[in-house]
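>>> My questions concern the predicted model and sequence given below.
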Amino acid sequence: MALITMDGFLCPRFRLPNPIPSTRKNAGGRLVVSATAAAAADRQRRLQNAEGEFFVDRHCIDCDTCRWMAPEIFARVDGMSAVTRQPSCEDERIKAIQALFSCPTSSIHTEKPTKRILDVQKMFPLPIDEQRLPGVYHCGYHSEKSYGATSYFITHPEGNILVDCPRFTERLAHNIEKLGGVRYMFLTHKDDVGDHEKWYNRLKCDRILHSGDVENYTANVETQLHGEGPWSIGTDFELIYTPGHTEGSVCLYYKTLKVLFTGDHLAKSEESDLSIFEIYNKQTVSLQLKSVRKLLDFDFEWILPGHGRRITFRDNQEKNSVLEAFLAIKEPLHAHH
């Protein structure tokens, strides 16, 4: 096992915006679309929203972020997110505002400014479970560059870790610095690197990415992983090579807390218990399934993905039962590919 010592294209139902722009005719009688009007139409309240303070506009890309962050408020209606019920208590209102900040296309709005905005801004990054996962946070501020992928922040005595990249904002950078900054930026794969350059310039962290996923815009990362590993970051974190979604997909395994950060390799979808999102697979599905089978050898109870939804298991035995059942269905379908 190599020790890293250093002295951060899944596109779920991504679609173009669906504006209803105004038009006019130019001097030659040709129809001209007003760009300003098109942009304004994008930001108009979708008719599918419930009446009230919060609403989603037509620029939504159906990334699912708001729906898993505040399921009491948001749901998919006619292919995009919408507010299906307005917040009925302060906790729901805070969750709605957290989703507003996390939306990658800034498609969530309030009818008028709210005083709670600044208070909620200070909450990021958000603790995931302070009892069971101390020091593990959801960064929020999802990036449109990664189609709304989730980024995580981990505080650790041997060096804090940023898992994939959120949208760069000064407020989030300031809050992360208050928690001790970032030593390592672990990038699970090439699709969710987002604003890695801006974060690097601000935090001066060491970026880690598998060489199979290095492209022009990540050619200057400080550490490239080669081969099939495994590798480690200090004593508590192991890097597991899981090709399939991309050639260089790697999961981060936090051994002591029994958490697996999977990038786009494995997650719960909105519709099913477990998914590898094979429609977006860049290699063979059979290779990705081999990578899933590899996870039976690791003891974890949480899956924290880039795309898709979190999964918690009662214990490692339940995790293995769920993976085995999933593989029993999928492997025969792709045995000859």
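Everything's here; your move.
>>> For the stretch 151-300 of the chain, just list every one of the helices.
With DSSP state H, counting those that start in this stretch, the ranges of helices along the stretch 151-300 of the chain come out as 170-178, 196-203, 285-294.
>>> Check which helices and strands the first one sits against.
What that stands for is helix 170-178. Judged by 3 or more Cβ pairs under 8 Å, 6 or more residues apart in numbering; DSSP states H and E, the packing partners of helix 170-178 are helix 196-203. Heads up, the C-betas are built off the backbone N, CA and C, glycines and all.
>>> what's the helix it packs on in contact with?
Contacts of helix 196-203 from elsewhere in the structure, counted by Cβ atoms under 8 Å, 6 or more residues apart in numbering, are 8, 162, 165, 168, 173, 176-177, 181-182, 185, 187, 205, 207, 217-218, 221.
>>> one more time with 10 Å
For helix 196-203, contacts defined as Cβ atoms under 10 Å, 6 or more residues apart in numbering pick out 8, 145, 151, 160, 162, 164-170, 172-174, 176-177, 181-183, 185, 187, 193, 195, 205-207, 209, 217-218, 220-222.
>>> Can you tell me which of the residues you listed are buried?
Neighbour counting with 16 or more other Cβ atoms under 10 Å marks 8, 145, 151, 160, 162, 164-169, 172-173, 176, 181-183, 185, 187, 193, 195, 205-207, 209, 218, 221 as buried within the contacts of helix 196-203.
>>> ok, E92 touching E72?
Yes. Contact criterion Cβ atoms under 10 Å: E92 and E72 qualify, at 5.5 Å.
>>> what sits in contact with each of these two?
Shared contacts of E92 and E72, counting by Cβ under 10 Å, 6+ apart, come down to R85, Q86.
>>> Tell me where the longest helix sits in the chain.
Assignment by DSSP state H gives helix 316-333 as the longest helix of the chain.
>>> Flag every buried residue along that helix.
By neighbour count on 16+ other Cβ under 10 Å, the buried set for helix 316-333 is K319, N320, L323, F326, L327, K330.
>>> same question, stretch 104-115
Within stretch 104-115, the residues scored as buried using 16+ other Cβ under 10 Å are P104, T105, S107, I108, H109, T110, T114.
>>> Return the subset of the contacts of helix 196-203 lying in strands.
Applying DSSP state E to these, the entries found in strands are L162, M185, D206, R207, L209.
>>> for those, which one is nearest H226?
Lowest distance from H226 to those (Cβ to Cβ) belongs to L209, with 11.1 Å.
>>> Report the spatially nearest residue to that closest one, omitting neighbours in sequence.
Distance criterion Cβ to Cβ, 6 or more residues apart in numbering; nearest residue to L209, sequence neighbours excluded, is L187 at 4.3 Å.
>>> Just to check, that neighbour is in contact with E222?
No. With contact defined as Cβ under 10 Å, L187 does not count as touching E222 (11.0 Å).
>>> Just the strands from the stretch 51-200 of the chain, written as ranges.
Along the stretch 51-200 of the chain, the segments classed as strands by DSSP state E, counting those that start in this stretch run 54-56, 74-77, 80-83, 108-110, 126-129, 133-138, 152-154, 161-163, 184-186.
>>> E270 is nearest to which of the ones you listed?
E270 sits nearest to strand 74-77 of all the strands of the stretch 51-200 of the chain, at 7.6 Å, using Cβ to Cβ.
>>> contact partners of that closest one?
Contacts with strand 74-77, where a contact means Cβ under 10 Å, 6+ apart, come from 13, 46-50, 54, 56, 60, 62, 64-68, 81-85, 95-96, 99, 103, 108, 270.
>>> buried stuff in that strand?
Within strand 74-77, the residues scored as buried using 16+ other Cβ under 10 Å are F74, R76, V77.
>>> cool, and stretch 129-144?
Under the neighbour-count criterion of 16+ other Cβ under 10 Å, stretch 129-144 has L133, G135, V136, Y137, H138, C139, G140, Y141, H142, S143, E144 buried.
>>> Can you name the residues that contact A82?
Neighbour list for A82: 45-50, 54-56, 60, 66-67, 73-76 [criterion: Cβ under 10 Å, 6+ apart].
>>> Quick one, which of those residues are buried?
Neighbour counting by 16+ other Cβ under 10 Å classes 45-46, 48-49, 54-56, 60, 66-67, 73-74, 76 among the contacts of A82 as buried.
>>> now for those, which pair is the farthest apart?
The most widely separated members of the buried ones among the contacts of A82 are R45 and R67, with 17.7 Å between them, by Cβ to Cβ.
>>> Closest one of the ones in strands among the contacts of helix 196-203 to P125?
Checking the ones in strands among the contacts of helix 196-203 against P125 by Cβ to Cβ gives L162 as the nearest, at 9.5 Å.
>>> Look up which residues are beta-bridged to that closest one.
Counting by DSSP bridges, L162 is bridged to F153, M185.
>>> Might one say that it is in contact with E177?
No. Judged on Cβ under 10 Å, L162 makes no contact with E177 at a distance of 11.8 Å.
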